[in-house]
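Trainee: sharing a model prediction with you, sequence too.
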Amino acid sequence: MEYLAQDDDASQDQEGNDSSVIDGENGMEDEYGDEEGAPHNSTKLKKEKVFQQIDYSKRKTKIICTLGPACSELEQMVRLIDAGMQTARINLSHGDLKSNMKLIRRFKQAKRLRPHRTVGLMVELRGREIRLSHCREDEIKVRSGTTVSLYTNEFHLPSDMNTFRVSSETVNRYLKPNDVVYFDDGKVVGIVIDVNSNGCKMEVKIGGSIRGGCQVKFINGKHNQESLLAKQDLADLIAIQQAIVIDFVSLPFTINPEDVQQLRETLAPHSKDLKILAKIDTYDGVSNFDKILPEADGVILVRSDIQWEMQAEKQMIAQKWIIEQTNGQAKPVIIQSQVLLSMLEKEFPDRQELAEISSATLEGVDCLILSHETSVGHFPVQATTFLAKGIAEAESIYDYSQAFINAREEVKKLGDNADNIDLLATTGCSIAFEPKENVDMFICLTENGRIAKHIAKQRPRQPILACSVSGQIVRQINMTRGVVGYQIPEHMKNRTDELIEHILHVCQEQLICNPPTSKVMIFIGQNEKDPKKEIYTFKIIGGKSPDDEEDEEENEDEQEEHDDDH
């Protein structure tokens, strides 16, 4: 089933002729776990659950796909959207501005062909990242025990098995003998044996094959000494912003809160509405996470990078802690790297990968990123499909009741220090979950999506429809778990009753709910851009039984007959 969802960059009809849609990818119907009306059993699974057929389009957790050579054609991008891509990711570290702009033009065309889908755009900066230069061959193969020269200032030249050229011009200033260098998530590992004015020499300890443009990783805070932004980052970002509205920008190697503050100040003259995602990919990033989180609009946890600086037995604990902390702030938390790595070469994923997807989903992650799987892998569409399936299966056993209890208890612990918006969301959800109310869905009329995020923080089973006149806000809020963004017509924004009627009509047309028999809790936000002046109200509408509708129709008929007699 597909649902209406309006998007500035996809298609807009003229005022009064709304052809836009609500995105069916995000689960706008009854949850697919227990039967409707059945009590939620959070302790035991039934045999039927194992063999139950699930509609994977009803996921609450979102999918981000990285665009690259493997999905550069229009048809492939359309298939990615159909398979479940809700945000496309462009990594500036790969390709140049010309090739990336070509991807973006194709992406815009794909969105126009799927106007009923809400699909955002994330641009990842180069930042402090260090990359290997391009290669003459598809791969470089190096053997353990060989000596390789690592050069700076020659990034425009190709790398080969004897000479690695990197994007940084300063590594020789901070590398020392015995420092460890990781290439492409550890596929090749070297140890520095000598440093000179041109770079350094290293001995290969772990041999293997690596591609041109792969990431070069140092540990123990070495990346801290690189500039926050690469030379071309800002210029490329501005050029892309002129061609398409960017929704998110991600900052690699975010080490402290000042990094996010500096990037926000740098971007302010060019775009104040971009959401900044802090990438946590170093030990320092994890250590300073509680300070970084308040400054960022969301976070991306890069597991493959952290593994070189943190004990293996601590990594999953760090992941769970980061997810919990970010959920508590009502901000999106995203997992990246090695999600379905086996599908670079294989058509089917490994069991362990699907187990980790299930684990992240049950822990409360908002999104998962496919990196190499879709950018250079052989099976980008299949990888997206399998990720959607793995997420949906995990969500079918997610304990929504316990998740709400936990979220409510956290608000209670804050006491007088709790935010008013958290108190409102908790109160609203408490009422909605009462058996006598049994609300079927939430609708949020919002300027910036804030109220929808805080309702989603309660992890309700019911879908959340966030409605805004801004296409960018719609795409941004659409990345929050359980929330569907819907762009409302500009001419209706100040006519609340008419707007609610219009939204309910769209929901009814798309079989999302059935007013007036379905109960809908509606939140209305005002002055949301100023937290000190924001005002929210909520009400429940609908919930009439079929008998009530028949009685009303009979009363209306009787009244008409009475009027005719007079």
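Mentor: Yep, it's here. Residues are numbered from 1 along each chain as shown.
Trainee: show me the strands in the stretch 151-300 of the chain, by range?
Mentor: Secondary structure of the stretch 151-300 of the chain, counting by DSSP state E, counting those that start in this stretch: strands at 163-165, 180-183, 188-196, 199-206, 208-211, 215-218, 248-251, 275-280, 298-302.
Trainee: got it, and the stretch 451-566 of the chain?
Mentor: Assigned strands in the stretch 451-566 of the chain, in chain order: 464-468, 483-487, 519-526, 535-542 (criterion: DSSP E, counting those that start in this stretch).
Trainee: of these, which approaches S99 most closely?
Mentor: Closest of the strands of the stretch 451-566 of the chain to S99 is strand 483-487, at 29.5 Å (criterion: CB to CB). From N, CA and C alone the C-beta is placed, and that goes for glycine too.
Trainee: flag the shaky bits of the stretch 201-350 of the chain, pLDDT-wise.
Mentor: Nowhere does the stretch 201-350 of the chain drop to pLDDT under 70.
Trainee: which residues in it form helices?
Mentor: Under the criterion DSSP state H, counting those that start in this stretch, helices of the stretch 201-350 of the chain are mapped to 233-243, 257-267, 283-287, 289-292, 303-306, 312-328.
Trainee: what's the answer for the stretch 1-150 of the chain, then?
Mentor: Applying DSSP H, counting those that start in this stretch to the stretch 1-150 of the chain gives helices spanning 47-51, 74-83, 97-113.
Trainee: mind putting the ones you listed in JSON lines, mean neighbour count included?
Mentor: Converted to JSON lines, those look like this (neighbours: other CB atoms under 10 Å):
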{"stretch": "helix 47-51", "mean neighbour count": "8"}
{"stretch": "helix 74-83", "mean neighbour count": "19"}
{"stretch": "helix 97-113", "mean neighbour count": "17"}
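Trainee: would you mind giving those as TSV with distance to E410 added?
Mentor: Shown next, in TSV, are those (distance: least, CB to CB, whole Å):
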stretch	distance to E410
helix 47-51	29
helix 74-83	35
helix 97-113	38
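Trainee: for the ones you listed, which has the smallest mean pLDDT value?
Mentor: Ranked by mean pLDDT, those bottom out at helix 47-51, which scores a mean of 83.
Trainee: pull that helix out as PDB, backbone CA atoms only.
Mentor: Taking C-alpha atoms only, helix 47-51 is exported to PDB below (Å, rounded to 0.1, in the frame of the first residue of the first chain):
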ATOM      1  CA  LYS A  47       4.800 -20.100  18.000                       C
ATOM      2  CA  GLU A  48       2.600 -18.200  15.600                       C
ATOM      3  CA  LYS A  49       5.000 -15.200  15.800                       C
ATOM      4  CA  VAL A  50       7.800 -17.300  14.300                       C
ATOM      5  CA  PHE A  51       5.700 -18.100  11.200                       C
END
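Trainee: which of the helices of the stretch 201-350 of the chain is buried the deepest?
Mentor: helix 303-306 (a mean of 22; mean count of other CB atoms under 10 Å).
Trainee: on contacts alone, who are the packing partners of that helix?
Mentor: If contacts are counted by 3 or more CB pairs under 8 Å, 6 or more residues apart in numbering; DSSP states H and E, helix 303-306 sits against helix 283-287, helix 312-328.
Trainee: C-alpha coordinates for that helix, CSV please?
Mentor: What follows is helix 303-306, C-alpha atoms only, in CSV (Å, rounded to 0.1, in the frame of the first residue of the first chain):
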residue,chain,number,x,y,z
ARG,A,303,31.1,0.9,15.0
SER,A,304,33.9,-0.1,12.6
ASP,A,305,36.0,2.9,13.6
ILE,A,306,35.5,2.6,17.3
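Trainee: contacts for it, please.
Mentor: Helix 303-306 has contacts (CB atoms under 8 Å, 6 or more residues apart in numbering) with 185-186, 215, 217, 280-283, 285-286, 315, 318-319, 335-338.
Trainee: with distance to M161 added, can I get the helices of the stretch 201-350 of the chain in JSON lines?
Mentor: Converted to JSON lines, the helices of the stretch 201-350 of the chain look like this (distance: least, CB to CB, whole Å):
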{"stretch": "helix 233-243", "distance to M161": "30"}
{"stretch": "helix 257-267", "distance to M161": "35"}
{"stretch": "helix 283-287", "distance to M161": "31"}
{"stretch": "helix 289-292", "distance to M161": "39"}
{"stretch": "helix 303-306", "distance to M161": "24"}
{"stretch": "helix 312-328", "distance to M161": "30"}
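Trainee: do you know which of the ones you listed lies nearest L344?
Mentor: helix 303-306 (13.3 Å).
Trainee: check contacts around the most centrally placed residue in the chain.
Mentor: Centroid-nearest residue in the chain: C367, 4.0 Å away (criterion: CA atoms, centre = their mean). C367 makes contact with T61, K62, I63, I64, Q86, T87, P332, V333, I334, I335, M479, R481, according to CB under 8 Å, 6+ apart.
Trainee: now render those as JSON lines, adding distance to S72.
Mentor: Formatted as JSON lines, the contacts of C367 follow (distance: CB to CB, whole Å):
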{"residue": "T61", "distance to S72": "26"}
{"residue": "K62", "distance to S72": "23"}
{"residue": "I63", "distance to S72": "19"}
{"residue": "I64", "distance to S72": "17"}
{"residue": "Q86", "distance to S72": "20"}
{"residue": "T87", "distance to S72": "17"}
{"residue": "P332", "distance to S72": "27"}
{"residue": "V333", "distance to S72": "29"}
{"residue": "I334", "distance to S72": "23"}
{"residue": "I335", "distance to S72": "25"}
{"residue": "M479", "distance to S72": "23"}
{"residue": "R481", "distance to S72": "29"}
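Trainee: how about the nearest residue to P69, chain neighbours excluded?
Mentor: V376 (6.0 Å; CB to CB, 6 or more residues apart in numbering).
Trainee: ok, which of the helices of the stretch 201-350 of the chain comes nearest D440?
Mentor: When those are compared by CB to CB, helix 312-328 sits nearest D440, at 24.0 Å.
Trainee: re the thing from before, using TSV, please lay out the strands of the stretch 151-300 of the chain together with distance to K532 and mean neighbour count.
Mentor: TSV is the format used below for these (distance: least, CB to CB, whole Å; neighbours: other CB atoms under 10 Å):
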stretch	distance to K532	mean neighbour count
strand 163-165	53	21
strand 180-183	47	22
strand 188-196	52	18
strand 199-206	53	19
strand 208-211	51	17
strand 215-218	43	22
strand 248-251	27	25
strand 275-280	22	26
strand 298-302	23	25
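Trainee: check the gap between P294 and N288 for me.
Mentor: Distance, P294 to N288, using CB to CB, to the nearest Å: 11 Å.
Trainee: ok, these two, which is more surrounded?
Mentor: Neighbours per residue (other CB atoms under 10 Å) separate P294 from N288, with N288 holding more: 19 against 10.
Trainee: over to the closest residue to that one other than its chain neighbours: give its phi and psi.
Mentor: Using CB to CB, 6+ apart and skipping the chain neighbours, the partner closest in space to N288 is N256 (5.1 Å). Per-residue torsions, N256: phi -150, psi 170 (degrees, to the nearest 10).
Trainee: got a list of what N256 touches?
Mentor: With CB under 8 Å, 6+ apart, N256 has these contacts: D284, N288, K291, I292.
Trainee: again with L132
Mentor: For L132, the contacting residues are S159, F164, R165, V166, F183, D184, I210, G212, G213, C214, Q215, V216, by CB under 8 Å, 6+ apart.
Trainee: the nearest residue to the third one once chain neighbours are set aside and R211, how far apart?
Mentor: Distance criterion CB to CB, 6+ apart; nearest residue to R165, sequence neighbours excluded, is S133 at 4.1 Å. As judged by CB to CB, S133 and R211 stand 11 Å apart.
Trainee: beta partners for the residue nearest to the centre of the chain?
Mentor: K62, I334 (DSSP bridges).
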